[in-house]
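Peer 1: Here is my input; please provide its structure:
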Amino acid sequence: MNNFFEYFKIAFDNLKRQKMRTFLTVFAMGIGIASLVIMITASENFKKSIMSQLDIYNPNSINVEVRIPGKSGESSVSGVNITTFKNSDVDAIKKVDNVQDVYSYVTAQAVIKYNSEKETVMVFGYGAEAGEIEKMDFESGGFYTRDDEGSLSSVVVLGKKIKEILLGDNEAVGEIVYIGGKPYRVAGVMKTKGGGFGIDMDKIIYIPSKVVQKKILGTDYVIGVMATVIDSNKINQTKDDIKALMRERHEIEGEGKDDFEVMTMEEARTMVDTVLSGVTFLLMALIGISLIVAGVGITNIMYVTVVERTFEIGLRMAIGAEKKDILWQFIAEALVLTFLGGILGLIAGAGVCYLIYYLAVVFGFTWTPDIPLWTFGFSIVFSGLVGLFFGVYPAKKASNLNPIEAIRRE
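Peer 2: Below you'll find the model as predicted:
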């Protein structure tokens, strides 16, 4: 058989004789490939979603946030209320060389009411400078001003869904809503933002941080600040200056005792990317195990096939078939099984990805059904490699049979 494609024609003919066995083998391979497609797509979309949330922050900004001393990353959001980051610290950070704008932030929960409609919401107490530092898009109105915050004016910016719940299609800007039983003037309404960091960003409200402190929480501390720098080339030096300032003000000596954490946006992006890449690698390793199991199944099926067709192999070799012909015939069968499994997996995986997309839309989550193009090539090539790797042993076993002994076994 000089024609390479003849091997695959014979492989198809042989596999059609055992339809159920072929289907089960292809199905097992398809599940593994489908899982791979779904995992890669979900990982890429999740990473894109997280990175887009970080994109709202100025790339030349520095975040300073409270944390449990000695436990990086654990702050008040972990259930421990840390009260050491005072308003006076915020004012001191504003005076650090190379710092341009600074806004502090706190969070709270409150009931917002308009006429007979009311809703429990997450309150983001953001300094007025947030409107200049972050990328914010408004459906109507705008963010509150520094004068609003300085005079402790009761103003609020509504998320898209909150506005719809309370006011429907009516104009919101200038209307009075009640938060915690106190009147607040609506300064603006945000455009749809979707979910971010596990929060529906369309169901939050923004109030000046000092107003939240005085009128809702009754405190004088914050959970963090965001600062932008004048010269981006000196951002790391500015970060070190802020860290030194905070240690001095909080009388902290030695590493590992900080009750705060300082991080540039570039460091935050790198950290998130590293974590997500690590999770993706772990999931790919787990799916790889399932594909290996499918590959072992292919080896087993092919080995059984060789045993069942021993007489046929011996007869073909007796009438002139060479070892390489027998070898490539069985390798072709293994490749056909895995390629079919790869195609089935791609179709099933793409279908599930689009199903996830439609469910996400129904439940109000931001998700895209985009499947990276390289996933298709990778899946097919990977399927072929699995077939080649796990098909070689039984193929060699078949090609090394002695034709006379093979005929006698029948």
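Peer 1: for the stretch 51-200 of the chain, what spans make up the strands?
Peer 2: With strands called from DSSP state E, counting those that start in this stretch, the stretch 51-200 of the chain shows them at 61-66, 99-114, 117-126, 138-141, 155-158, 176-179, 182-190, 195-196, 199-200.
Peer 1: Just put the ones you listed in JSON lines and tack on distance to residue 25 and mean pLDDT.
Peer 2: All C-beta spots, glycine's among them, are computed from the backbone N, C-alpha and C. JSON lines is the format used below for the strands of the stretch 51-200 of the chain (distance: least, Cβ to Cβ, whole Å; pLDDT from 0 to 100):
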{"stretch": "strand 61-66", "distance to residue 25": "52", "mean pLDDT": "90"}
{"stretch": "strand 99-114", "distance to residue 25": "54", "mean pLDDT": "92"}
{"stretch": "strand 117-126", "distance to residue 25": "51", "mean pLDDT": "92"}
{"stretch": "strand 138-141", "distance to residue 25": "55", "mean pLDDT": "92"}
{"stretch": "strand 155-158", "distance to residue 25": "57", "mean pLDDT": "95"}
{"stretch": "strand 176-179", "distance to residue 25": "62", "mean pLDDT": "94"}
{"stretch": "strand 182-190", "distance to residue 25": "53", "mean pLDDT": "94"}
{"stretch": "strand 195-196", "distance to residue 25": "40", "mean pLDDT": "60"}
{"stretch": "strand 199-200", "distance to residue 25": "44", "mean pLDDT": "77"}
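Peer 1: Near the nearest residue to residue 142 once chain neighbours are set aside, how many other residues are there?
Peer 2: Distance criterion Cβ to Cβ, 6 or more residues apart in numbering; nearest residue to residue 142, sequence neighbours excluded, is residue 188 at 4.7 Å. Close neighbours of residue 188, defined as other Cβ atoms under 10 Å, add up to 21.
Peer 1: Spit out the contact partners of residue 188.
Peer 2: Neighbouring residues of residue 188 by Cβ atoms under 8 Å, 6 or more residues apart in numbering: 138, 140, 141, 142, 143, 144, 157, 158, 173.
Peer 1: So what sits opposite it in the bridge?
Peer 2: Counting by DSSP bridges, residue 188 forms beta bridges with residue 141, residue 157.
Peer 1: hang on, the earlier thing: quick one: which of the contacts of residue 188 has the most company?
Peer 2: Most surrounded of the contacts of residue 188: other Cβ under 10 Å gives residue 158, at 32 neighbours.
Peer 1: How about the contacts made by the nearest residue to that one once chain neighbours are set aside?
Peer 2: Distances taken as Cβ to Cβ, 6+ apart put residue 189 closest to residue 158, at 5.0 Å, once the chain neighbours are dropped. Residue 189 sits next to 138, 139, 140, 141, 157, 158, 159, 160, 163, 172, 173 when contact means Cβ under 8 Å, 6+ apart.
Peer 1: again, only using 7 Å
Peer 2: Contact analysis of residue 189 by Cβ atoms under 7 Å, 6 or more residues apart in numbering lists 138, 139, 140, 141, 158, 160, 163, 172, 173.
Peer 1: care to break this protein down by domain?
Peer 2: 4-53+271-409, 68-258 (automatic domain parsing).
Peer 1: Of all those, which one comes closest to residue 59?
Peer 2: Taking Cβ to Cβ, domain 68-258 is the member of the domains of the chain nearest to residue 59, at 7.8 Å.
Peer 1: what's the span of the closest one from first residue to last?
Peer 2: Terminal residues of domain 68-258 are spaced 8 Å apart (Cα to Cα, to the nearest Å).
Peer 1: circling back: distance to residue 336 added to the strands of the stretch 51-200 of the chain, as CSV?
Peer 2: Formatted as CSV, the strands of the stretch 51-200 of the chain follow (distance: least, Cβ to Cβ, whole Å):
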stretch, distance to residue 336
strand 61-66, 55
strand 99-114, 58
strand 117-126, 55
strand 138-141, 56
strand 155-158, 59
strand 176-179, 66
strand 182-190, 55
strand 195-196, 43
strand 199-200, 48
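Peer 1: Next one: the residue nearest to residue 142 from residue 159, what distance?
Peer 2: 11 Å (Cβ to Cβ, to the nearest Å).
Peer 1: May I ask you to confirm that residue 263 belongs to a strand?
Peer 2: Yes: counting by DSSP: H, G, I helix; E, B strand; the rest coil, residue 263 is located in a strand.
Peer 1: what sits against it?
Peer 2: Residue 263 neighbours (Cβ under 7 Å, 6+ apart): residue 63.
Peer 1: which regions of this structure sit below the pLDDT cut-off?
Peer 2: 1-4, 52-56, 70-81, 194-198, 255, 364-367, 369, 401-410 (pLDDT under 70).
Peer 1: State the distance from the nearest residue to residue 208 once chain neighbours are set aside to residue 288.
Peer 2: Distance criterion Cβ to Cβ, 6+ apart; nearest residue to residue 208, sequence neighbours excluded, is residue 149 at 3.8 Å. As judged by Cβ to Cβ, residue 149 and residue 288 stand 53 Å apart.
Peer 1: Then residue 95?
Peer 2: Going from residue 95 to residue 288 by Cβ to Cβ gives 54 Å.
Peer 1: list the contacts for the residue nearest the centre of the chain?
Peer 2: With distances taken as Cα atoms, centre = their mean, residue 46 lies nearest the centre of the chain, 2.2 Å away. Neighbouring residues of residue 46 by Cβ under 7 Å, 6+ apart: residue 276.
Peer 1: Ok, residue 383 next?
Peer 2: 29, 33, 338, 339, 341, 342.
Peer 1: Could you find the closest non-adjacent residue to the last one?
Peer 2: It stands for residue 342. residue 383 (3.1 Å).
Peer 1: Pull out the buried residues from the helix or strand where the one you found lies.
Peer 2: Residue 383 is part of helix 373-399, with elements assigned from DSSP states H and E. Neighbour-count burial for helix 373-399, counted by 16 or more other Cβ atoms under 10 Å, picks out 375-376, 378-380, 382-383, 386-387, 390-392, 394-395, 397-399.
Peer 1: And stretch 86-94, by the same measure?
Peer 2: So, applying 16+ other Cβ under 10 Å, buried residues of stretch 86-94: 86, 89, 90, 92, 93, 94.
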